[in-house]
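In: sharing a sequence plus its predicted fold:
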Amino acid sequence: MILFPAIDLKEGRCVRLVQGDMEQAVVFNDDPAAQAATFEAQGFSWLHVVDLDGAFAGAPMNAAAVDAILARVSLPVQLGGGIREMKTVEAWLAKGVSRVIIGTAAVRDPAFVREAARLHPGKIAVGIDAKDGRVAVEGWAQTSSMTAEELGRRFEDAGVAAIIYTDIARDGILKGLNIEMTLALAKAVSIPVIASGGLASIDDVHRLLEPDCALLAGAITGRALYDGRIDPAAALAAIRRAGGSRA
């Protein structure tokens, strides 16, 4: 299992939101590249980066911060937020992003996701963000009628590298992952699923290492890392003891 530390970008700074609310943004670092370097030094093997402003605008808005992260660390980076055109996908991949996450466009324009996955095998992930079981779009500002499982199945044969599943109701409030819904999605598709939203403590990491969660490819942690509720060394050691990285 891979544990992905999250860097959420708003106006060039590293923040955390509560349930996706841009009005409830807490700044944790004014220098996202320095934060990325800290995560690298702590031993993480990937970074999860989100351009929050881009998610709302529908186009990249924190490019300078992402560029600085890419220049500072050698870790592979998966990036989401505002990626809704092929030129944006290709621009980020050319800059050194290892995997781009397509969210809103996966609902609005599934053919775009399929074409991106065909052109860039292993480089395209789908972000499924759900609120009360329904997929949210436009930076979580709108909810669609589609369920997470319906959206996941849509890309079953598209060559998508991963699905990042976020339970919006739990994101940023440290109430624990929605294991039940995440596993239901993982069982419904053959695409690797990464859990997100609510990871709060080392107990959640241990829960992810139990046999039923072997279906999952990883999990994203944000606020709990910044708040000191999760000790990176302890979390990564637990993962190593459980058998190390599966992906």
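Out: Cool, got the structure.
In: and the strands in this protein, which stretches?
Out: Per DSSP state E, the chain carries strands over the ranges 2-10, 13-18, 21-29, 47-51, 77-80, 99-102, 124-131, 134-137, 142-147, 162-167, 193-196, 216-221.
In: for the third one, name the packing helices and strands.
Out: Under the contact criterion of 3 or more CB pairs under 8 Å, 6 or more residues apart in numbering; DSSP states H and E, the helices and strands touching strand 21-29 comprise strand 13-18, helix 52-57. (Each C-beta comes from the backbone N, C-alpha and C, glycine too.)
In: any buried residues in it, and which?
Out: 22, 25, 28 (16 or more other CB atoms under 10 Å).
In: chain neighbours aside, what residue packs nearest to the second one?
Out: The shortest distance from residue 25 to any residue that is not its chain neighbour, by CB to CB, 6 or more residues apart in numbering, is 4.4 Å, and that residue is residue 15.
In: now do the last one
Out: Spatial nearest neighbour of residue 28, chain neighbours left out: residue 226 (4.5 Å); criterion: CB to CB, 6+ apart.
In: count the residues that sit near the one you found.
Out: Look at residue 226: counted by other CB atoms under 10 Å, it has 19 neighbours.
In: circling back to that earlier point, got TSV for the helices and strands packed on strand 21-29, with distance to residue 201, mean neighbour count and mean pLDDT too?
Out: Shown next, in TSV, are the helices and strands packed on strand 21-29 (distance: least, CB to CB, whole Å; neighbours: other CB atoms under 10 Å; pLDDT from 0 to 100):
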stretch	distance to residue 201	mean neighbour count	mean pLDDT
strand 13-18	16	20	89
helix 52-57	24	22	92
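In: right, so of the ones you listed, which gets closest to residue 111?
Out: Across the helices and strands packed on strand 21-29, the minimum distance to residue 111, taken as CB to CB, is reached by helix 52-57, at 20.8 Å.
In: coming back round to it: residue 242: which of the strands of the chain is closest?
Out: Closest to residue 242 of the strands of the chain is strand 2-10 (CB to CB; 11.3 Å).
In: which other helices and strands contact that closest one?
Out: Applying 3+ CB pairs under 8 Å, 6+ apart, one finds that strand 2-10 makes contact with strand 13-18, helix 32-42, strand 47-51, helix 52-57, helix 63-72, strand 193-196, strand 216-221, helix 232-241.
In: and these: which comes nearest residue 105?
Out: Per CB to CB, nearest to residue 105 of the helices and strands packed on strand 2-10: helix 52-57, 11.1 Å.
In: can you name every helix or strand that that closest one contacts?
Out: strand 2-10, strand 21-29.
In: out of those strands, which gets the lowest mean score?
Out: Note on the helices and strands packed on helix 52-57: strand 21-29 shows the lowest mean pLDDT, a mean of 87.
In: direction included, what does it pair against?
Out: Sheet pairing for strand 21-29, assigned by DSSP bridges, gives strand 13-18 (antiparallel).
In: contacts only, for residue 122.
Out: 99, 161 (CB atoms under 8 Å, 6 or more residues apart in numbering).
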